[in-house]
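Asker: turn this into a structure:
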Amino acid sequence: MAVTESSATAAVEAVFRIESPRIIAGVARIVRDVGIAEEIAQDALVAALEQWPGQGVPDRPGAWLMTTAKHRAIDLVRRRETYARKLAEVGRTLEDVAPPEPAEPDDIDDDLLRLIFTACHPVLSAQARIALTLRLLGGLTTQEIARAFLSTEPAVAQRIVRAKRTLATARVPFEVPRGEDRAARLSSVLEVVYLIFNEGYAATAGDDLLRPGLCEDALRLARVLAGLAPQEPEVHGLAALLEFQASRTAARTGPDGQPVLLADQNRARWDRLLIRRGFAALRLAGTGPYAVQAAIAACHARAARYEDTDWAMIATLYGRLAALTPSPVVELNRAVAVSMARGPAAGLELVDALAAEPALRAYHLLPSVRGDLLARLGRTEEARAEFERAASLARNARERALLLERAAAAVAPATPRRPDAAGN
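Answerer: Take a look at the predicted model:
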């Protein structure tokens, strides 16, 4: 049945948004090049835009797009093979011809996993991995990625083009790595998903504290990974962490978008379904860094009130995390937990030990935490100075405004605030 052009176009765009990662993955297995695979997937999209308004939307639109794309990929490979044979006849070779492989429907999840490992290959910079992952797996347009990271569309487009070129030049195989290489590559994949979520959860710069779209994309990728690689405990650890963190999203900002600290959040607004999903994923996680961070987030999720939080356990878990992944940021978070378990003086001692740490020199949360602890100790003038210094380092407008408010309030002894533990 024919449909209107506008409704057909809307259907094509909606289906393509959902199916494009699997289409690109399925085609990439045939052509062995994610850049070419994306172009072929786009060709299939154009074919749908041309045909669906007149012929009607097929019963299985995703399968239609996949079949069309794979036919074009196989045609391309056959043309390459023909060209290679002709070159061979005149004594030359074509080294980069990829053999076509039969498309087995049951392999589709493996294809998607191959695409994730390829887009997150360590040969690419972290920013390139993030942009390529959001484009190929998140289905985001260049414009959407640029908006999410407060960059320009040409800059993001160039980043994606260079990433594809780097993968092709480095001849990165379109495969799921095995053995020792798998652990290293899996770590890169998880890091990309983690960075995408973090940028959405606490935007580095700009006027908004949150970018919910990035959180949703990262959470979806983590769930996909957990389904594709159920035997990997750290995948479940990351999924659990993101479920717990995402459960607090609605409570982390007020009506005007201003940040709400953990101590002041309305826990009735925490998403209980996501919390249950977090606990389910945590049961499958191991003892790696993401699992430990998820366990910390679980401590917050278990507490019905802020006062019920098991800070001693959180401090212990941060100590375990510091042993697994030594980092001054982890130490700063541990200091917050210690201050809540043993008092602000104990926390301040740990924070002051980090004062000369080069990695924290421009990190606004170091003076912010120090300001919290000083305020709790009644050293209000020092606290005010620390909050002002933190505000001068903050790049996010919402965080900066909150820190200036706290600087102004610090001189009022009756209103000390409790520190916000990292990741809240």
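Asker: C120: what's it in contact with?
Answerer: Applying Cβ atoms under 8 Å, 6 or more residues apart in numbering, we find C120 in contact with R129, T133, R185, S188, V189, E191, V192. Using the backbone N, CA and C atoms, a C-beta is placed for each residue, glycine as well.
Asker: and the gap between it and P367?
Answerer: 34 Å (Cβ to Cβ, to the nearest Å).
Asker: buried set for the helix or strand hosting A407?
Answerer: Assigned by DSSP states H and E, A407 belongs to helix 397-410. Within helix 397-410, the residues that qualify as buried are R398, E399, R400, A401, L402, L403, L404, R406, A407, A409, A410, counting by 16 or more other Cβ atoms under 10 Å.
Asker: would you turn the contacts of C120 into CSV with distance to D372 and neighbour count?
Answerer: Listed next are the contacts of C120 as CSV, based on distance: Cβ to Cβ, whole Å; neighbours: other Cβ atoms under 10 Å:
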residue, distance to D372, neighbour count
R129, 34, 22
T133, 35, 28
R185, 39, 19
S188, 34, 17
V189, 35, 25
E191, 29, 17
V192, 32, 25
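Asker: how far off helix 397-410 does the helix or strand hosting R389 point, in degrees?
Answerer: If you go by DSSP H and E, R389 is part of helix 380-393. Relative orientation of helix 380-393 and helix 397-410, computed by axes from the mean of the first three to the mean of the last three Cα atoms, to 10 degrees: 170 degrees.
Asker: show me the shaky parts of the protein.
Answerer: Counting by pLDDT under 70, the chain has low-confidence residues at 1-3, 83-109, 148-150, 412-424.
Asker: and the nearest residue to L282 once chain neighbours are set aside, how many neighbours does it have?
Answerer: In space, and not counting its chain neighbours, L282 is closest to A240: 4.1 Å by Cβ to Cβ, 6 or more residues apart in numbering. Here the number of neighbours of A240 (other Cβ atoms under 10 Å) works out to 28.
Asker: return the distance of the helix or strand hosting A240 from the chain's centre.
Answerer: A240 belongs to helix 233-247 when assigned by DSSP H and E. Offset of helix 233-247 from its chain centre (Cα atoms, centre = their mean, to the nearest Å): 11 Å.
Asker: and the next element down the chain from it?
Answerer: Next element after helix 233-247 (DSSP H and E): helix 272-284.
Asker: okay, now the residue lying closest to S151 once chain neighbours are set aside: neighbour count?
Answerer: Distance criterion Cβ to Cβ, 6+ apart; nearest residue to S151, sequence neighbours excluded, is I145 at 7.7 Å. I145 has 24 neighbours, counted by other Cβ under 10 Å.
Asker: from what I see, I145 and V156 are in contact.
Answerer: Yes. Between I145 and V156 a contact is recorded at 5.0 Å, counting by Cβ atoms under 8 Å.
Asker: between those two, which contacts overlap?
Answerer: A131.
Asker: how about residues contacting the helix or strand hosting A323?
Answerer: Using DSSP H and E, A323 falls within helix 311-324. Identification of contacts with helix 311-324 by Cβ under 8 Å, 6+ apart yields 288-289, 292-293, 295-296, 299-300, 330-331, 333-334, 337-338, 340-342, 421.
Asker: now the buried members of those.
Answerer: If we count by 16+ other Cβ under 10 Å, the contacts of helix 311-324 have these buried: 288-289, 292-293, 295-296, 299-300, 330-331, 333-334, 337-338, 340-341, 421.
Asker: among the residues you listed, which lie within helices?
Answerer: 289, 292-293, 295-296, 299-300, 330-331, 333-334, 337-338, 340-341 (DSSP state H).
Asker: one step back: the contacts of C120: which two are farthest apart?
Answerer: Maximum pairwise distance in the contacts of C120, criterion Cβ to Cβ, is 13.4 Å, between T133 and R185.
Asker: so the one helix or strand R185 maps to versus helix 233-247, what angle?
Answerer: For R185, the host element (DSSP H and E) is helix 179-201. The directions of helix 179-201 and helix 233-247 differ by 0 degrees, with the same axes, to 10 degrees as the criterion.
Asker: buried sites along helix 179-201?
Answerer: 185-201.
Asker: which strands or helices does it pack on?
Answerer: Helices and strands touching helix 179-201, as assessed by 3 or more Cβ pairs under 8 Å, 6 or more residues apart in numbering; DSSP states H and E, comprise helix 108-119, helix 126-136, helix 212-228, helix 233-247.
Asker: tell me which of those helices sits most buried.
Answerer: Mean neighbours per residue, mean count of other Cβ atoms under 10 Å, is largest over the helices and strands packed on helix 179-201 for helix 233-247, with a mean of 26.
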